[in-house]
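Chemist: Got a predicted structure plus its sequence, pasted below:
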Amino acid sequence: MSDQAYLSIGGRTRALWPNRWDMVAVPLVLGSLALAFIGVRQMVAPLEVVQEAAISLDPSNLPVYALRTVLRMLAGLVASLVFTFSYATLAAKSRRAELVLIPILDVLQSVPILGYISFTVVFFMSLFPGKVLGAELAAVFAIFTSQAWNMAFSFYQSLRTVPRDLDEACRGFQVSAWQRFWRLEVPFSMPGLVWNMMMSMSGAWFFVVASEAITVGDKQITLPGIGSYVARAIQEKDLGAVGWAILAMTGVIVLYDQVMFRPLVAWSDKFRFEQTGAQTVPESWVLDLARRARLPRLVAVPIRRTFRFSLRFRLPVKGIRIAMPVPPRLIDMVWYAIVAAGAAYCGWSVVAYLSTTLSWGDLGKVLLLSAITMLRVAILIVLASLVWVPLGVMIGLRPRWAEKIQPLAQFLAAFPANLLFPVAVVLIVHFKLNVDVWVSPLMILGTQWYILFNVIAGASAFPTDLKEAASNFRMRGWQWWRSVILPGIFPYFVTGAITASGGAWNASIVSEYVKWGDTTLTARGVGAFIAQTTEAGDYPRIALGIVVLAIFVMLFNCLVWRPLYRLSERQLRLD
Amino acid sequence: MTILEKNGALAGTLLTVENVRQSFPKPSTGEIVVLDDVDLSLRTGKIVGLLGRSGSGKSTLLRIVAGLMKPTGGTVVYQGRPIAGPCEGVAMVFQTFALFPWLTVLENVEVGLEALGVPEKEMRRRALAAIDLIGLDGFESAYPRELSGGMRQRVGFARALVVNPAILIMDEPFSALDVLTAETLRTDFLDLWNGGKLPIQSVLMVTHNIEEAVLMCDRILVFSSNPGRVVGEIQVTLPHPRSRFDPAFRSMVDDIYARMTARPIPAHEERGKQIGPSIGDWLPRVSTNRMSGLVELLASPAYHGRADLPEIASRLQLEVDDLFPIAEALQLLGLAELAVGDIHLTPTGHIFAESELENRKRIFAERLRSNVPLAAHIRRILDERPGHRAPLVRFEPELEDSLTEGAAQETLRTVISWGRYAELFSYDDKTEMFSLENPSS
């Protein structure tokens, strides 16, 4: 993989910049989410309890469970792609849609992913009463929410930055909108899209595992999969089974990487826009195999034929209009008014509804809990940086080490850390440790690796001439760190830290409230609050918790990451 | 100069451009005019060149003719009908090649045919024929990134020719190539054109290379800058193949240089009579090193302070777009004068050439204050303010009144770099503040 890939974070970081439209988007999105909670509860109140599927702890069942988990993952990915192509295209092509869709995406991205599950499970189950399909869809939806937003952002950004000359070539040759989409827009956005897919995929393992076995009020949902296997093992206090699950998960992630993402990355390399040859071309044995073998070609040729035929088919829609006429002001005003009214209505009805069941004391409590969680995230990021930045630099400056450790760090980032939580609980209980303090590291267990591998990437990409200059002028010790390497890796570090902090916020819901058999460890924090209220089926409080958490995430991004990212963009770029 | 063949009804006229005007609206001052009252006609069998410097709107005109841009005023008539968008029969070759990096050479060439809905077999046949014609045989399955610049532009040509356009539009097609490759491609193109092997009837090309224009075109339209206007039309009747060493060729090149250096002065005077040089004047992005370099070269015994521009251009391997801004910046600062294709140092220029660094900076600062209103303005504001500091945003709106956003940014960058060199003021990019502080104190 080329080193630039680590910097092309596109969607994720772009999403950090709120604008004045967020003023409208925040009440609109969070309001409708909260309303959905409330509505869903009323709709499905009499729904019968779903039969708990029997999960066997026999390791021989694990391959089948793993397959189910993988299939869910794939379904989520397909859904995300469909969403990306439609949502982002609409946002990029219509100015009015853009004004609303992009801030909405901003907000959606800040909502904790596990927060969606509690109500989507109930919603989807009400669509297919008494069937497992509803719960399956909810799990797929959880995966979808963990990757769709940043993929859509990445695609939207690519659409907005299509090179001018290629755009003109397309228009000059009167290419149809359909042909333009497949010949220009999709290929151009492919490297960024694949990279974002990979990043969100590694996060998604965490959520798929978490969404397979959840309890919402009196409804206990269990879907056959690695996640529910672990949940069962936790109930039964079977550490051996947890071990098997970890092994199976390792196998699945390695296979997924080898069979799906390596080939995808290697294939998408041909869509790189730079016309120069790359220093390192990503390779994949699976892709080589597929390219050389005859069977895949037999399948591919008819598909390609049909595809090409469709491109030549002239749709009545002529490319893009040559100049945007001045948009009628009146329609604009009406459109903005409708959006603003919708946002006001959502915000108002949520406040109205919540105020009947909740008091100001609840709000105060949730604010305090969120502040505690924020403190945790901040301290953890600082601690993780203190550990991984020096180590990452040391590894990155030694190419041979970097080569070996880089894939390991990427694997660790993908590994769903929640599978390891039982081990932590056992340790905390055994040593009688302070729960508020010692549960915290779980939040960053899975996401700290983003810091490590981004720093490694930054240090390996550090220009040789600067290294030589530094040693020529005998810069050593603190001076070397302060004025040579730290500024050099800073953009990479910020990228990694942003991802790590986003993951930590998300993980708070499962890591502040952990179980082992009948032992439950609860730390003070908004994550535990959401987890507890979800278990109790207390919808108004779930809604309150999620809304406040989302607002905290947005504020944190706006006040911490945004200035840091701007600094790295402006001052410390090495090109 | 009167423009011949203006009448679109003349036999053999493919396309006419009438009174085309392009401007961008500006809230305070109304509008910024990029192209003003341009007429042009394309006739069968002719290559027409648009020659001018950056900012002369020639690329804009090209895009209007290609239907990629809608003019603010005026019409473009192609085969008797006004065009309202990209149309069949007009194909374009790009300066940056504009190839799809993810498609092979063959697929790139087929793109235009695919858009026309040509059946697959015929598409393949025509694409291979075009590839063959343009000398790309054997490269069909290569990706653009595997090709050299010259080969890439050949793909660009094949892609444009395969749709059998009546008019070929070329936007500085050779300027991204090195000198040798550009020469080969030019010659190959002219051979095909003169041999009647190309399906096209007429060519419209943009260039900023004067020799290239004389080498290729039958008619050259010279553009002025800001706003772009046709200020001269030259018929080139030299027989093909043309030689750069032909005295007639040389004199034509000299003549064009003379026109291009002579024209801005009346335009400047005309403006000067009305409002004088103003804060909102565009400043070319020229480094002080390049200015000093040219002054030193002119002062050297080889030239004794006076030189022929074409000669300087070929000696320094600079094209019009590189050389003219330097020369103009020197003229603006009163260090040199341009006249009829010549450049000569002023007395101040001679003193500048002989001075040490400190004195050069002093002269430069003096000249900046007297000849560049924007620099003087910034300095005056800084002197007046108690803290001697002023933010960049203080000056941006003033410039954007009269310049496009890009030009305003360029002008600011230039004045910052000149001001820093002259130590007239300093600028902190982090805070975007001008000040009088010396970084060392």
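Modeler: Perfect, I can see it now. Keep in mind that what you see is a predicted model, and the values were worked out from it rather than measured. Numbers count the residues shown, from 1 in each chain, chains lettered A, B, ... in the order given.

Chemist: For B:Leu61, list the residues it contacts.
Modeler: For B:Leu61, the contact set (C-beta atoms under 8 Å, 6 or more residues apart in numbering or on different chains) comprises B:Val17, B:Val20, B:Gln22, B:Leu35, B:Val38, B:Leu40, B:Leu50, B:Val206, B:Gly228. For every residue, glycine as well, the C-beta is placed using N, CA and C.

Chemist: 7 Å instead, please
Modeler: B:Val20, B:Leu35, B:Val38, B:Leu50 (C-beta atoms under 7 Å, 6 or more residues apart in numbering or on different chains).

Chemist: Of the residues you listed, which belong to strands?
Modeler: Under the assignment DSSP state E, the contacts of B:Leu61 contribute B:Val20, B:Leu35, B:Val38, B:Leu50 to strands.

Chemist: Of all pairs in these, which one spans the longest distance?
Modeler: Greatest spacing in the ones in strands among the contacts of B:Leu61, by C-beta to C-beta: B:Val20 and B:Leu50 (12.3 Å).

Chemist: neighbours around the closest residue to A:Phe453 other than its chain neighbours, how many?
Modeler: Spatial nearest neighbour of A:Phe453, chain neighbours left out: A:Ala409 (3.9 Å); criterion: C-beta to C-beta, 6 or more residues apart in numbering or on different chains. A:Ala409 has 24 neighbours, counted by other C-beta atoms under 10 Å in any protein chain shown.

Chemist: Return the alpha-carbon coordinates of the one helix or strand A:Ala409 maps to using PDB.
Modeler: If you go by DSSP states H and E, A:Ala409 is part of helix A:399-414. The C-alpha trace of helix A:399-414 is given here as PDB (Å, rounded to 0.1, in the frame of the first residue of the first chain):
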ATOM      1  CA  PRO A 399      12.100   0.100   7.100                       C
ATOM      2  CA  ARG A 400      12.600  -3.600   7.900                       C
ATOM      3  CA  TRP A 401      10.700  -3.400  11.100                       C
ATOM      4  CA  ALA A 402       8.000  -1.200   9.700                       C
ATOM      5  CA  GLU A 403       7.400  -3.700   6.900                       C
ATOM      6  CA  LYS A 404       6.700  -6.400   9.500                       C
ATOM      7  CA  ILE A 405       4.900  -4.400  12.200                       C
ATOM      8  CA  GLN A 406       2.700  -2.300   9.900                       C
ATOM      9  CA  PRO A 407       0.300  -5.200   8.900                       C
ATOM     10  CA  LEU A 408       0.200  -6.300  12.500                       C
ATOM     11  CA  ALA A 409      -0.900  -2.900  13.600                       C
ATOM     12  CA  GLN A 410      -3.500  -2.800  10.900                       C
ATOM     13  CA  PHE A 411      -4.800  -6.200  12.000                       C
ATOM     14  CA  LEU A 412      -5.000  -5.200  15.600                       C
ATOM     15  CA  ALA A 413      -7.000  -2.100  14.600                       C
ATOM     16  CA  ALA A 414      -9.500  -4.400  12.800                       C
END
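
Chemist: Give me the helices and strands touching that helix, please.
Modeler: Packing partners of helix A:399-414 (3 or more C-beta pairs under 7 Å, 6 or more residues apart in numbering or on different chains; DSSP states H and E): helix A:186-211, helix A:360-396, helix A:448-460.

Chemist: Go through those helices and pick out the most buried.
Modeler: For the helices and strands packed on helix A:399-414, the largest average neighbour count (mean count of other C-beta atoms under 10 Å in any protein chain shown) is found in helix A:448-460, namely a mean of 27.

Chemist: Does the closest residue to A:Trp516 other than its chain neighbours lie in a helix or a strand, and which?
Modeler: What sits nearest to A:Trp516 in space, not counting adjacent residues and going by C-beta to C-beta, 6+ apart, is A:Val425, at 3.9 Å. Element membership for A:Val425, per DSSP H and E: helix A:421-431.

Chemist: Contacts for whatever helix or strand comes next after that helix, please.
Modeler: Per DSSP H and E, the first helix or strand lying C-terminal to helix A:421-431 is helix A:435-438. With contacts defined as C-beta under 7 Å, 6+ apart, helix A:435-438 is touched by A:Ile428, A:Leu521, A:Thr522, A:Ala523, A:Arg524.

Chemist: One more: stretch B:341-358?
Modeler: Residues contacting stretch B:341-358 (C-beta under 7 Å, 6+ apart): B:254, B:257-258, B:261, B:295-296, B:298-299, B:305-310, B:327, B:334-337, B:360, B:363.

Chemist: all strands of the stretch 301-441 of chain B, in order?
Modeler: Ranges of strands within the stretch 301-441 of chain B are B:306-308, B:336-339, B:342-345, B:389-391, B:426-428, B:433-435, based on DSSP state E, counting those that start in this stretch.

Chemist: follow-up on the earlier one: most neighbours of all the ones in strands among the contacts of B:Leu61, which one?
Modeler: Sorting these by how many neighbours each has (other C-beta under 10 Å) puts B:Leu50 first, at 28 neighbours.

Chemist: residues in contact with the residue lying closest to A:Leu127 once chain neighbours are set aside?
Modeler: Of all residues not flanking A:Leu127 in the chain, A:Gly134 sits nearest, at 5.7 Å (C-beta to C-beta, 6+ apart). Listed by C-beta under 7 Å, 6+ apart, the contact set of A:Gly134 reads A:Phe124, A:Met125, A:Leu127, A:Phe128.

Chemist: Same question for B:Arg53.
Modeler: So B:Arg53 contacts B:His208, B:Ser225, B:Val320, B:Asp321, B:Phe324 (C-beta under 7 Å, 6+ apart).

Chemist: Check which helix or strand B:Arg229 maps to.
Modeler: Using DSSP H and E, B:Arg229 sits within strand B:229-235.

Chemist: now A:Val254, nearest residue through space, not along the chain?
Modeler: Nearest residue to A:Val254 in three dimensions, chain neighbours excluded: A:Phe411, at 7.3 Å (C-beta to C-beta, 6+ apart).

Chemist: Kindly report the same for A:Val377.
Modeler: A:Ala504 (4.9 Å).

Chemist: That neighbour contacts A:Leu380, doesn't it?
Modeler: Yes. A:Ala504 is within contact range of A:Leu380, at 6.1 Å (criterion: C-beta atoms under 7 Å).

Chemist: Would you mind listing the buried residues in the longest helix along chain B?
Modeler: Longest helix of chain B, by residue count under DSSP state H: helix B:405-422. Residues of helix B:405-422 classed as buried: B:407-408, B:410-412, B:414-419, B:421-422 (neighbour count, 16 or more other C-beta atoms under 10 Å in any protein chain shown).
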